[in-house]
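Undergrad: Here is a sequence with its predicted model. Questions after.
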Amino acid sequence: MSPGFAVIFDCDGVLIDSAPAIAAAHKRAFSPYGIRVEELQGYHRAHSVKMLLSTVEKERGVRIDPNEFTPKLVEHIVGQLRHAQIDPDLLRLIQDLNRRAVPMAVGSSATRPSVEGKLVILGIREALGAVVSADDVTRHKPAPDVYLEAARRLGADPARCVVVEDNDVGVQAAHAAGMRVVSFGKYNQNPHGLFGGDMHVTEWAELSYQALKTLSNVVGENK
């Protein structure tokens, strides 16, 4: 019997410690254009490639073809992460949620090839009922579209979905979708920063089926 709630994970910085790989890939991919993305006023590592290229054009006046740029960026990122291993406590949590028939999905600002590549590396693609990427929606985080689409594909009520996020942009998106949020700090520079979540953990061992269920029930009661 279904437990009545669903869990949606962000990918980068949550399921996988990809920030160093993304930073290195951005540096390499933008170098030919003479651009350091970390110096852009509108830059946020959680933004989609589409939003990132829009920021570059707006602030530097440089238009970059996303069809040419994006595959190279994805190749850089996934290549650097090819030896990454899943956190054992995360794997145990996913296996437990699977045993209890809790629907699970990923909602990410990354492109589909990037997200799928990381999930295959981690060995958890088959455990997920849906994977929603930046390629699947028109509006990207902090808009709620990615998370609403993930809930729709799972057949889940957004008000009974719990999102696991690692940054304020993603937390805004999840709250805008009417979902509760676990802020996950393990891979952050400031792991104890709350960045707006309804619950905060710094290790996967701190998160359990019961904790997620309790959080989802709070949503249902306040609906």
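TA: Now that the structure is in, tell me what you want to look at. Residues are numbered from 1 along each chain as shown.
Undergrad: now residue 109: how far from residue 37?
TA: 15 Å (C-beta to C-beta, to the nearest Å). (Each C-beta comes from the backbone N, C-alpha and C, glycine too.)
Undergrad: and if you look at residue 65?
TA: 17 Å.
Undergrad: same check, this time on residue 191
TA: From residue 191 to residue 37 the distance is 23 Å (C-beta to C-beta).
Undergrad: Who has more neighbours out of those two?
TA: A count of neighbours by other C-beta atoms under 10 Å puts residue 37 above the other of residue 191 and residue 37, at 20 against 14.
Undergrad: OK, contacts around that one?
TA: Shown in contact with residue 37 (C-beta atoms under 8 Å, 6 or more residues apart in numbering): 26, 27, 30, 43, 52, 56.
Undergrad: one more time with 7 Å
TA: 26, 30, 43, 52 (C-beta atoms under 7 Å, 6 or more residues apart in numbering).
Undergrad: any chance of the residues you listed in TSV, with distance to residue 212 and secondary structure too?
TA: Converted to TSV, the contacts of residue 37 look like this (distance: C-beta to C-beta, whole Å; DSSP: H, G, I helix; E, B strand; the rest coil):
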residue	distance to residue 212	secondary structure
26	32	helix
30	38	helix
43	32	coil
52	31	helix
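Undergrad: Is it possible to get a markdown table of those that adds distance to residue 93, pLDDT and neighbour count?
TA: Putting the contacts of residue 37 into a markdown table (distance: C-beta to C-beta, whole Å; pLDDT from 0 to 100; neighbours: other C-beta atoms under 10 Å) gives the following:
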| residue | distance to residue 93 | pLDDT | neighbour count |
| --- | --- | --- | --- |
| 26 | 30 | 87 | 21 |
| 30 | 36 | 90 | 22 |
| 43 | 32 | 71 | 16 |
| 52 | 31 | 87 | 24 |
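Undergrad: where along this structure do the strands fall?
TA: Taking DSSP state E, the strands of the chain run over residues 6-9, 104-107, 130-132, 161-165, 180-184, 199-201.
Undergrad: Serialize those strands to CSV and add fields for mean neighbour count, mean pLDDT and distance to residue 15.
TA: Output for the strands of the chain, formatted as CSV (neighbours: other C-beta atoms under 10 Å; pLDDT from 0 to 100; distance: least, C-beta to C-beta, whole Å):
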stretch, mean neighbour count, mean pLDDT, distance to residue 15
strand 6-9, 27, 98, 6
strand 104-107, 26, 98, 7
strand 130-132, 21, 98, 11
strand 161-165, 28, 98, 9
strand 180-184, 26, 97, 9
strand 199-201, 18, 95, 14
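Undergrad: Rebuild these as CSV, extending it with distance to residue 118.
TA: Formatted as CSV, those follow (distance: least, C-beta to C-beta, whole Å):
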stretch, distance to residue 118
strand 6-9, 11
strand 104-107, 9
strand 130-132, 10
strand 161-165, 15
strand 180-184, 16
strand 199-201, 21
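Undergrad: Indicate which one of those is closest to residue 17.
TA: Residue 17 sits nearest to strand 180-184 of all these, at 11.1 Å, using C-beta to C-beta.
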